[in-house]
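Trainee: dropping the sequence and predicted coords here.
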Amino acid sequence: METRAGDPGAFAHFDLGRVDSPAFVIDAAKLRANLAVLADVRDRAGVKVLAALKAFSMWRVAPLIGEYLDGVCTSGLWEARLADAHYVSGSLEGEIATYCAGYKTEDLPEICALSDHVIFNSPGQIARFRPILDQHSGFDIGLRINPQHATGEVPRYDPCAPNSRLGWPIGQLRPEHMAGVSGLHFHTLCEQDFVPLAATYEALKPHISPYLPQLKWLNFGGGHHITRADYQREELIAFLKRVKIDTGCEIYLEPGEAVALDAGILVGTVLDTFTNGMKLAITDVSATCHMPDVIEAPYRPAMLGEGAAGGPATCDPVRLGGPSCLAGDVIGDYRIDAGVGQRFAFLDQAHYSMVKTTSFNGVPLPSIWLWDSETDVLECVRRFGWEVFRDRLS
């Protein structure tokens, strides 16, 4: 999988020695710029935009997100609690939309109390939980559908791939499945442009048209790379306006990656080097523990300064790998002057990497820093002691 992000932006001038290693550094100015783009699309199209916590849930910047967007979408009870505590509490106003592929009976009453929309993965769940749903009020019931229109580059990241467990297959939707449903949700994109969204909606439209009179909203999910420089934003705005008029529904978007696109780096240090068929470098950044999508997608993250004018673009490649004992803990091959003690940084690591970190093998978690490239104010938001590793075990 080839990422289309990796613009260094203001990080090109950031001194990596100012922070710990390893460390995530988030640029508040870049976050504001991304959020301003999303808010502009929202305002001009007349839709609502929710930030997807599954991609970026650094709650230290929740007030900033609340200045621009309409709320957040969550993936279950714990994220809903986080949203209620930090994203829509106090002076912050906003909506919480919760979708989970499978709810637990004991979690659902609190989810209903916290959420404005509770979205189910199948009509069977709605029917099974009807006694609980009828005991609560103040939220809409939604149904996630599978448009059965695959557009993704990698099947494991495509909710419309064959035999997908995500969403009710649209070809199986029947009137009885829509009892009490106020909105339909679909999420089929992954780092994609406007064209796949438009094509998906066109494929979906004949199936949902009979149910539009009863629907209050349509949620187009996430995966929209709206803040990328070459995204077709004008076409998106025109499309959203047209859909809103044609359907009479409130339209929601749930970008996650687009909120934090190119807004963060992961700083690391070379710990050792040697040769085994090629030059190898052991680093304190682990693909397994800190950037699991490098292995799962897989993809090669861009590196700050690699290939830059005057840089070591002609060096022999160096294979970077983490400190864990897992043989597959390999980040990739890079043309850098990898000497022991050298700092480096991977680009576009604010989203997904931060929320997926683990302390497998006792590998320390990166500290988290907030930098404002416009003012140069730098703050250490959190460091993680070994107790975090200890306390998740028994």
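Mentor: Cool, the structure landed.

Trainee: give the helix, strand or coil label for the spatially most central residue of the chain.
Mentor: Per C-alpha atoms, centre = their mean, the C-alpha nearest to the average position across the chain is that of residue 55, at 2.2 Å. For residue 55, the assignment made with DSSP: H, G, I helix; E, B strand; the rest coil gives coil.

Trainee: and it, how far from residue 281?
Mentor: 29 Å (C-beta to C-beta, to the nearest Å). (C-beta placed from N, C-alpha, C; glycine too.)

Trainee: next, count neighbours for the residue nearest to residue 110 when sequence neighbours are not counted.
Mentor: Leaving out its chain neighbours, the residue that sits closest to residue 110 by C-beta to C-beta, 6 or more residues apart in numbering is residue 77, at 6.1 Å. Number of residues near residue 77 (other C-beta atoms under 10 Å) recorded here: 19.

Trainee: likewise for residue 278?
Mentor: 10.

Trainee: again with residue 153
Mentor: Other residues near residue 153 number 12, with proximity taken as other C-beta under 10 Å.

Trainee: okay, now the domains of this protein?
Mentor: Here the domain parsing of the chain from automatic domain parsing is 9-25+263-391, 46-260.

Trainee: any idea how far residue 288 lies from residue 294?
Mentor: 9 Å.

Trainee: now swap in residue 222 and tell me
Mentor: 21 Å.

Trainee: now residue 354
Mentor: Using C-beta to C-beta, residue 354 is found at 14 Å from residue 294.

Trainee: ok, and for stretch 58-66, which residues are buried?
Mentor: For stretch 58-66, a neighbour-count test (16 or more other C-beta atoms under 10 Å) marks 58, 61, 62, 65, 66 as buried.

Trainee: what's the closest of these to residue 269?
Mentor: The closest of these to residue 269 turns out to be residue 58 (C-beta to C-beta; 22.6 Å).

Trainee: OK, contacts around that closest one?
Mentor: 26, 350, 354, 368, 381 (C-beta atoms under 8 Å, 6 or more residues apart in numbering).

Trainee: widest-spaced pair of the residues you listed?
Mentor: By the measure C-beta to C-beta, 350 and 381 form the most distant pair in the contacts of residue 58, at 12.5 Å.

Trainee: same list (the domains of the chain) but as TSV, adding mean pLDDT and distance to residue 38.
Mentor: Output for the domains of the chain, formatted as TSV (pLDDT from 0 to 100; distance: least, C-beta to C-beta, whole Å):
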stretch	mean pLDDT	distance to residue 38
domain 9-25+263-391	94	12
domain 46-260	96	5
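
Trainee: can I get these in a markdown table including distance to residue 35?
Mentor: A markdown table is the format used below for the domains of the chain (distance: least, C-beta to C-beta, whole Å):
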| stretch | distance to residue 35 |
| --- | --- |
| domain 9-25+263-391 | 10 |
| domain 46-260 | 4 |
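
Trainee: quick one, phi/psi of the residue nearest to residue 110?
Mentor: Residue 77 adopts backbone torsions of phi -60, psi -50, taken as degrees, to the nearest 10.

Trainee: my read is that it contacts residue 109, right?
Mentor: No: using C-beta atoms under 8 Å, residue 77 is not in contact with residue 109; the gap is 10.1 Å.

Trainee: all helices of the chain, in order?
Mentor: Assignment of helices within the chain using DSSP state H yields the ranges 28-45, 62-68, 77-82, 108-114, 123-128, 130-133, 194-208, 233-247, 257-260, 287-290, 293-296, 353-356, 386-391.

Trainee: and residue 107, how far from residue 139?
Mentor: Distance from residue 107 to residue 139, by C-beta to C-beta: 14 Å.

Trainee: distance-wise, check the closest residue to residue 304 other than its chain neighbours relative to residue 31.
Mentor: With sequence-adjacent residues excluded and distances taken as C-beta to C-beta, 6+ apart, residue 304 is closest to residue 345, at 4.1 Å. Using C-beta to C-beta, residue 345 is found at 17 Å from residue 31.

Trainee: can you mark which positions in the longest strand seen in the chain are buried?
Mentor: Ranked by number of residues, the top strand in the chain under DSSP state E is strand 264-275. Judged by neighbour count using 16+ other C-beta under 10 Å, the buried positions of strand 264-275 are 264, 265, 266, 267, 268, 269, 270, 271.

Trainee: could you identify which of the helices of the chain is most buried?
Mentor: Burial of the helices of the chain is given as mean neighbour count (mean count of other C-beta atoms under 10 Å); helix 257-260 ranks first at a mean of 29.

Trainee: distance between it and the chain's centre?
Mentor: In terms of C-alpha atoms, centre = their mean, to the nearest Å, the centre of helix 257-260 is set 7 Å apart from its chain centre.

Trainee: please report the distance of residue 389 from residue 365.
Mentor: 8 Å.
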